[in-house]
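Novice: The sequence and its predicted three-dimensional model are supplied below.
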Amino acid sequence: MSDLYWLTDEQMARLQPFFPKSHGRPRVDDRRVLSGTVFVNRNGLRWCDAPKDYGPHKTLYNRWKRWGERGVFLRMTEGLAAAEAVPKTVMIDATYLKAHRTASSVRAKRGSRGRLIGRTKGGMNTKLQAVSDADGRPLSFFMTAGQVSDYTGAAALLDDLPKAQWLLGDRGYDANWFRDGLEAKGIQPCITGRRSRNEPVRYDKRHYRRRSRIEAIFSRLKAWRRVTTRYDRCPTVFFSAVALAATVIFWL
């Protein structure tokens, strides 16, 4: 029995609306190329090591790079999430993804956003912020360098939060401006208070226990080797790997 990964007809039908239109010559078999892309990212392979069953490795890489630059993989995640999410309660959290030396050894070009890789106690890392629904499925992501505070991710994700009754978060998101922003959107914050606060913050401890579901998201994403270890220098390419993993694991 083959160990290769193949998308089913049903899965392809759900992804089809997010594919770019083909101009000129018809594209090579989408199912074969996309299945090979998933296999390479999940197993942490070099593109030249992709099994020949998926066709030429250059075809896989070129499609991966072109679609990543156009935001196709991110649209898959966000589109499927918008159709099926249960946003009554949303959760926010962050995790560190270790950068391999191949991703962090070369300086970024001038004028670019940088590689979004920073030095922390654990070495060179990228920080991934995520918002999930009540069932522990990711709705959106935001990526920064490892040393950047959780506040930056919270500020970036605040405007795009779906309509919800509750938001669960750990003390890394305990800031008055963030709480005020949530309440302005009609969302009740359930966030533990920092120890430095003069007065303790009250929160629903029973409701807060559900936050473990978003921690499970990161555990499952890190089962993909090209996610748990960042090999890609380009942040857009790496972000595409995260989005593709989220789509396959949680939304297909």
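Specialist: Sure, I can see it.
Novice: and the helix or strand encompassing L157, how far out from the chain's middle?
Specialist: Element membership of L157, judged by DSSP states H and E, is helix 150-158. Offset of helix 150-158 from its chain centre (CA atoms, centre = their mean, to the nearest Å): 15 Å.
Novice: and that helix, what does it pack onto?
Specialist: Under the contact criterion of 3 or more CB pairs under 8 Å, 6 or more residues apart in numbering; DSSP states H and E, helix 150-158 touches strand 89-99, strand 123-132, strand 138-145, helix 176-184. Every C-beta, even on glycine, is put in place using the N, C-alpha and C of the backbone.
Novice: Output the lowest mean pLDDT helix or strand found in the chain.
Specialist: Among the helices and strands of the chain, helix 101-104 carries the lowest confidence by mean pLDDT, DSSP states H and E, at a mean of 80.
Novice: How far off centre is it?
Specialist: On the basis of CA atoms, centre = their mean, the separation between the geometric centre of helix 101-104 and that of its chain is 20 Å.
Novice: Tabulate the helices and strands packed on helix 150-158 (a markdown table), appending distance to R75 and mean pLDDT.
Specialist: What follows is the helices and strands packed on helix 150-158, written out as a markdown table (distance: least, CB to CB, whole Å; pLDDT from 0 to 100):
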| stretch | distance to R75 | mean pLDDT |
| --- | --- | --- |
| strand 89-99 | 20 | 92 |
| strand 123-132 | 17 | 92 |
| strand 138-145 | 12 | 92 |
| helix 176-184 | 26 | 92 |
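Novice: Test my guess that R230 contacts R101.
Specialist: No - look at R230 against R101 with CB atoms under 8 Å: they stay out of range, at 10.5 Å.
Novice: any idea how far Y203 is from F178?
Specialist: As for Y203, its distance to F178 is 14 Å (criterion: CB to CB, to the nearest Å).
Novice: go on, D135?
Specialist: From D135 across to F178, the span is 24 Å (CB to CB).
Novice: Those two - which one has more neighbours?
Specialist: Set side by side, D135 and F178 show more neighbours around F178, with 20 against 13, by other CB atoms under 10 Å.
Novice: if we can go back for a sec, now the helices and strands packed on helix 150-158 in JSON lines, with distance to R70?
Specialist: Output for the helices and strands packed on helix 150-158, formatted as JSON lines (distance: least, CB to CB, whole Å):
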{"stretch": "strand 89-99", "distance to R70": "23"}
{"stretch": "strand 123-132", "distance to R70": "21"}
{"stretch": "strand 138-145", "distance to R70": "17"}
{"stretch": "helix 176-184", "distance to R70": "31"}
